[in-house]
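Asks: no sequence on this one, just coordinates:
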């Protein structure tokens, strides 16, 4: 069976064509995720994808595994509950820079801190694409948005640095222009035992491109590709040389830190043991 036919089996074909704008990179990364699912041989009935609100989170409407379309900013909270109830499930969160870093930023921090075995794929298009082009926390200074018509004045979040500092044990960044590399990162993130955070930079020609050069989808992809440097390349560059660059690859990987559910199971066993002792007395 061809890859295309296999991927189509993981899609709700009756909901196609999709609603994403021409040139949007979300579909490219969604395809990378589906190829990772196929490569890992994940069982549909034991895989859950949770989305919040926003352009990227609409992907859950097209993916034919277990899916939850959660409320704005709360995808990681829903996913945590699912993983605690069914730890044998593979649980993946699809979110955006607005949903995951602004409205849901606190949930992101604490999911990283707990190191619970979830994979979070955050589609970063640097803008609120669904609701009118408002700026997001990842928009670079000087860039324009409907809520920053004269230019963004605040510094942008480096979400990978945030995730690493908060405790995530697998942190990676990729770009839609290098989708096969991104696919590999997603696969490795799902295989990792602990909290995996993968930032995927995607173009939004409709809301971001209309206010910021380059405007066209292809030019936006080429611009990200020109700015991208690998982790190994970045290690040989000065901070001045790294200004304006996008560092891609696996930025952090820690396999020694305990996953949240292991400690929780130990606590439950200890509490239950104590209750038995108290009951015996």
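Replies: The structure has been received and is ready for your questions. No experiment lies behind these values; they were computed from the predicted model shown. Numbers count the residues shown, from 1 in each chain.
Asks: Please enumerate the helices of the protein.
Replies: 3-8, 26-40, 75-85, 97-98, 105-114, 159-166, 179-191, 217-227, 231-235, 239-242, 260-280 (DSSP state H).
Asks: any chance of the ones you listed in JSON lines, plus distance to residue 142 and mean pLDDT?
Replies: In short, each C-beta sits where N, CA and C put it, glycine included. As requested, the helices of the chain are exported to JSON lines (distance: least, Cβ to Cβ, whole Å; pLDDT from 0 to 100):
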{"stretch": "helix 3-8", "distance to residue 142": "39", "mean pLDDT": "78"}
{"stretch": "helix 26-40", "distance to residue 142": "25", "mean pLDDT": "96"}
{"stretch": "helix 75-85", "distance to residue 142": "30", "mean pLDDT": "97"}
{"stretch": "helix 97-98", "distance to residue 142": "17", "mean pLDDT": "96"}
{"stretch": "helix 105-114", "distance to residue 142": "22", "mean pLDDT": "97"}
{"stretch": "helix 159-166", "distance to residue 142": "19", "mean pLDDT": "98"}
{"stretch": "helix 179-191", "distance to residue 142": "27", "mean pLDDT": "97"}
{"stretch": "helix 217-227", "distance to residue 142": "15", "mean pLDDT": "96"}
{"stretch": "helix 231-235", "distance to residue 142": "22", "mean pLDDT": "97"}
{"stretch": "helix 239-242", "distance to residue 142": "17", "mean pLDDT": "96"}
{"stretch": "helix 260-280", "distance to residue 142": "39", "mean pLDDT": "76"}
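Asks: Point out the most buried one among those.
Replies: When these are scored by mean count of other Cβ atoms under 10 Å, the highest mean neighbour count falls to helix 97-98 (a mean of 30).
Asks: could the helices of the chain go into a markdown table alongside distance to residue 251?
Replies: Listed next are the helices of the chain as a markdown table, based on distance: least, Cβ to Cβ, whole Å:
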| stretch | distance to residue 251 |
| --- | --- |
| helix 3-8 | 28 |
| helix 26-40 | 18 |
| helix 75-85 | 20 |
| helix 97-98 | 17 |
| helix 105-114 | 13 |
| helix 159-166 | 5 |
| helix 179-191 | 10 |
| helix 217-227 | 16 |
| helix 231-235 | 6 |
| helix 239-242 | 13 |
| helix 260-280 | 21 |
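Asks: Spatially central residue for this protein, please.
Replies: In the chain, the residue lying closest to the centroid (Cα atoms, centre = their mean) is residue 121, at 1.7 Å.
Asks: what's that residue in contact with, if anything?
Replies: 29, 33, 92, 93, 94, 95, 186, 189, 198, 200 (Cβ atoms under 8 Å, 6 or more residues apart in numbering).
Asks: Need the pLDDT of it.
Replies: Residue 121 is assigned 98 on the pLDDT scale.
Asks: Likewise for the one 5 residues further on?
Replies: What the model reports as pLDDT for residue 126 is 96.
Asks: Residue 71 too?
Replies: 94.
Asks: just checking, it touches residue 53?
Replies: Yes. Shown here, residue 71 and residue 53 form a contact pair, counting by Cβ atoms under 8 Å, at 6.8 Å.
Asks: Show me which of those two is the more surrounded one.
Replies: Each of residue 71 and residue 53 has its neighbours counted (other Cβ atoms under 10 Å); residue 53 has more, 22 against 13.
Asks: Tell me the spatial nearest neighbour of the more buried one, not counting adjacent residues.
Replies: The spatially closest residue to residue 53, leaving aside those adjacent along the chain, is residue 72, at 4.0 Å (Cβ to Cβ, 6 or more residues apart in numbering).
Asks: I appreciate the help and will end here.
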